[in-house]
Each structure stands twice: as C-alpha cells, then as structure tokens.
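Trainee: With the sequence up front, the predicted model follows.
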Amino acid sequence: GTLDINETSTYTGAVTVDNLDIAANKTATFKNNVTLNTSATINSSATFLVASAGTPAAITVTGSVLGASDGVGTVQITNTGGTTFTTTVGNTANTLALINIDQNTTFSGSVEATAINNAASTTATFSDNVTATITNSGTLLFNTSADKSVTGTIAEAAGGDTTEIKVIDSADGAPATVTFTATVAADTLTVGTTSKAGAALFEDDVTVPAINITGANSGDEDSTVTFNKAVTATSGITLDDNTGVTKVIFAEANTATITGTINGSATTEGTLQITGATKTFSGAIGGTQALTLIDIDGTSIFNAAVSATNIDNDGTATFKSDVTAATANDGTLTLTPNGDNDITHTGAISGAGTLNAVEADDGAVNSVTFSTTVAAATFNIGSTSKSGVVILNGDTTVTNLNIYAGNVDAEDSTVTVNGDLDTT
C-alpha cells in the first residue's frame, strides 16, 4: 500500500511499502532501510531525511525517490554509517529541488535535481547519469562501467575546503567514459588508479590546479582525459602509465589556452595529443619528466620548453622555446624564438613536411639551432617580414630550401652549416 506522511515524523525501524508520500512542508526521517516497491514522492518544501540510528549503521534506500512535480522536494543524508540509494533519485519529469549530502553516500541509479550540495570531508559516489548544478566541498567520485554524463556545472563552495573529483571505472578492463557537459572546478582531478582505469571528457572550461591521470595494472586499462576547451591547472597535469598507458587529449576546433605544466610521473610516461585548433600551452611540457609522445593532429602553440621521447606532427605546431625530442614532421613545424631567447631543437627531425625557422619579433635576430639531422620537403628560414638565423649541426636533407630576409635593415637571415647539406 501507500504510506502517507502528513506530519513530521521519524522511523527507527525498517520501512517496506509500495509507495510513500511526504506532504508539503513536512520532514520524514528514516534511520533504517527503506524499501519502496514503486517510489517515494516528496512534495513541495518536504524533506526525505536519512539520519543515523542510535548506533550508526549502513542504510539502503531501494526504489525511486522523486519530486511530486518537476523541481520540488529535498533529499538530505546525515547518516554517518554510509547510505546507498540503489535506484533513481529524481527523474526528468520529477526532479528534486535539492539534494544535501552531509555524509558519505552512494547513488547507484541516475540522479536529477536542481541542485546538489556535497559537504566538506564527504564523498558522494555516482554510478549513473547526474543532472544538477553541483556545489562541492568534499569529494565527488564518478565510478561506472558504462558511458555516463554529468550535466550541470561543478563549482567549489566558498571557503578553504579541500575538493576532489575522481573518475574511476568500477570494473577491470578498458574504462567507460564520463562526460562533463559544463564548467568544472575543484582542487584536484584524479582519473584512474593503479588498479582501475578511468576516462573522462570535459566539454567546457576546467579549473583544477592538480590533475592526475593514472593507468592501471593491466595492458587494456588505459586512462584518458579529453579537454575540449580551456584548462587551468596551475600545479600541473601528471601522467602515470603503470601497465596501462595514459593520455591527455585537447580536442575540438576552438581557441583555448592550457595553463600549467604537463609531465610524466617518471621519465617517458604519458602521451599528449592535440586534435583540435588552436591550443596554446603556456607551461613547460616534460620539464621535470619527459613524456613518451606528443601527437599533433591539430593546431598547437607551445610557449615554453618541450621534452618528449618522440613528437609526431601531422598538423601545425609552433614552438617558441627549446624542444627535446625525435620529431617526425609531415605537417608544418615552426620554431620561432622571441625576445632575447635563442632556441635549440635537440633530436633528429624527419618526414616530408614543411619546416620553418623564423624570428617572432620585429627587428630581433635570435637563432634556432638544430642539434643533429634534419629532413624536410620545404625548409623556410626567415620570412618577408621577419629574420631567420639557423645553425645546422647535423646533416640536412631538404627538397626546397628558402632563405628570406625581413623587411627592415636589421632583419638579416643567415644559415650556418656544420654538416652536409643536400637540397636535391
């Protein structure tokens, strides 16, 4: 039958009913398991409260918990023994107004609410789709074995709380992807662990000082994070391969700045891939631990030094500081010193792409040094508006070598050849 709750009341024993209805402006407190054969309905300004028993214990709520109409009713969890909702909490036509998570809670089914507040030192675990504006003061864990989405912003509450977002697959093997559709902010983003991989797609701006991506303990447990827009990671992005490998991808055709360094956890770990345009990286790449691979299929600008075992450029890449890598270039690769800095490319350059070495600033003459062999279809040194100064310390093989002086007297272009030069 139906349990109609027309007054504020508390239930210390287990409750099993077909339906449960909480009247407007009333609070029903449950301190034991709740089994709903159909659903619970929460009316306007009413509250479904899961609280601790005299001796706190785990509480399970089985069955859907819904608003009486769209955007009404509150669910609050204060039970210190841990609470699990096994089924839907809010749906498209019956979203809740608010979910207040004050103690550790797991949501196994989908969740839809106008707002979710997650308290400090509290972990909220979501295993299905989530639709809400989330204000987070603790930890949000998204663990699923099927592709899911989080629709709505995730912001930090005011104050000095420590916040974290975790994306960790609930099963072994290749991870499912959790897609975040709106802006995201937290202190730390963790994707994958050493025992379970993770995959996340962020469709809007991300502001998270520390981003850690970890591959798991099996060869198919690769962890991947894809960012479609700007990323601000002032403490850096770290990739830790383990048995599974890690990759960070910057995608979509939009102008975005990635603020912060990107490093492997140890030397030659992690892959950076650029598939979108135009992505500008402000911090050093591989400065403390070189990456395994930088794979460029879109358009990218690197303002600081870059270090990797290999760079594979099939797009358009511009480097404004030192590069340390074996570079395969079948796209357009530009090295452009600016200000007072000379730059060096350490490692062979191969491929049949276009290579440019050109000064960034008017009137300046800074050099680009190539430490070893260079191969290209076309090698442009300088331009009609800027100088180019190149030092070739290894053998160079190009089909077309073009040397341009700039458009003022000071913008002279020179090439110093310390190895063989083959332009046939």
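Mentor: Perfect, I can see it now.
Trainee: for the residue lying closest to A182 once chain neighbours are set aside, phi and psi?
Mentor: Nearest residue to A182 in three dimensions, chain neighbours excluded: T153, at 4.4 Å (Cβ to Cβ, 6 or more residues apart in numbering). Where C-beta positions appear, they are placed from N, C-alpha and C, glycine not excepted. Here is the backbone geometry of T153 (degrees, to the nearest 10): phi -70, psi 150.
Trainee: Nearest residue to H345 in space, ignoring adjacent ones along the chain?
Mentor: V323 (4.7 Å).
Trainee: My understanding was that that neighbour contacts I343; is that so?
Mentor: Yes: with contact defined as Cβ atoms under 8 Å, V323 and I343 form a contacting pair (7.5 Å).
Trainee: if we can go back for a sec, which residues are in contact with the residue nearest to H345?
Mentor: By Cβ atoms under 8 Å, 6 or more residues apart in numbering, the residues touching V323 are F302, A305, V306, S307, I311, L335, I343, T344, H345, T346, G347.
Trainee: Report the beta-bridge partners for it.
Mentor: V306, H345 (DSSP bridges).
Trainee: And the one 5 residues further on, by the same measure?
Mentor: Beta-bridge pairing of A328 under DSSP bridges involves D312, S350.
Trainee: coming back round to it: got a pLDDT number for the residue nearest to H345?
Mentor: What the model reports as pLDDT for V323 is 98.
Trainee: re the thing from before, what count of nearby residues applies to the residue nearest to A182?
Mentor: Residues lying near T153 (other Cβ atoms under 10 Å) number 16.
Trainee: outside of the helix or strand where K247 lies, which residues touch it?
Mentor: Per DSSP states H and E, K247 falls inside strand 246-250. Contacts to strand 246-250, defined as Cβ under 8 Å, 6+ apart, come from residues 192, 213-215, 222-227, 231, 237, 239-240, 256, 258, 262, 269-276, 279, 298, 300.
Trainee: out of those, which are buried?
Mentor: In terms of neighbour count (16 or more other Cβ atoms under 10 Å), the buried residues within the contacts of strand 246-250 are 192, 213-215, 222-227, 231, 237, 239-240, 256, 258, 262, 269-276, 279, 298, 300.
Trainee: Quick one: residues contacting the residue lying closest to N37 once chain neighbours are set aside.
Mentor: Nearest residue to N37 in three dimensions, chain neighbours excluded: D18, at 4.4 Å (Cβ to Cβ, 6+ apart). Listed by Cβ under 8 Å, 6+ apart, the contact set of D18 reads G1, T2, L36, N37, T38.
Trainee: Could I get the pLDDT score of the second one?
Mentor: Right, T2. Predicted confidence (pLDDT) for T2: 94.
Trainee: shouldn't it be in contact with L36?
Mentor: No: counting by Cβ under 8 Å, L36 is not a contact partner of T2; they are 10.3 Å apart.
Trainee: Show me which of the two is the more surrounded one.
Mentor: L36 (22 against 10).
Trainee: What score does the nearest residue in space to that one that is not next to it in sequence have for pLDDT?
Mentor: Leaving aside its sequence neighbours, L36 sits nearest to G63 (Cβ to Cβ, 6+ apart; 2.6 Å). Note for G63: predicted pLDDT of 98.
Trainee: what sits against G63?
Mentor: V34, T35, L36, N37, T38, S39, A40, T86, T87.
Trainee: residue contacts, the closest residue in space to N393 that isn't next to it in sequence?
Mentor: Nearest non-adjacent residue to N393, counting by Cβ to Cβ, 6+ apart: N418, 4.9 Å away. N418 is in contact with I391, L392, N393, G394, counting by Cβ under 8 Å, 6+ apart.
Trainee: Generate the ChimeraX command that creates a selection of the buried members of those.
Mentor: A single ChimeraX command selects the buried members of the contacts of N418 (16+ other Cβ under 10 Å):
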select :391,392,393
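Trainee: Now secondary structure too, for the contacts of N418, in JSON lines please.
Mentor: Shown next, in JSON lines, are those (DSSP: H, G, I helix; E, B strand; the rest coil):
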{"residue": "I391", "secondary structure": "strand"}
{"residue": "L392", "secondary structure": "strand"}
{"residue": "N393", "secondary structure": "coil"}
{"residue": "G394", "secondary structure": "coil"}
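Trainee: Out of the contacts of N418, the closest to F379 would be?
Mentor: Distance to F379, by Cβ to Cβ, is smallest for L392 among those, at 9.6 Å.
Trainee: Surely the closest one and V374 touch.
Mentor: Yes: taking contacts as Cβ under 8 Å, L392 lies within contact range of V374: 6.5 Å.
Trainee: what about stretch 203-223, average pLDDT?
Mentor: 96.
Trainee: What are the buried residues along it?
Mentor: Buried residues in stretch 203-223 (16+ other Cβ under 10 Å): 203, 205-208, 210-216, 218, 221-223.
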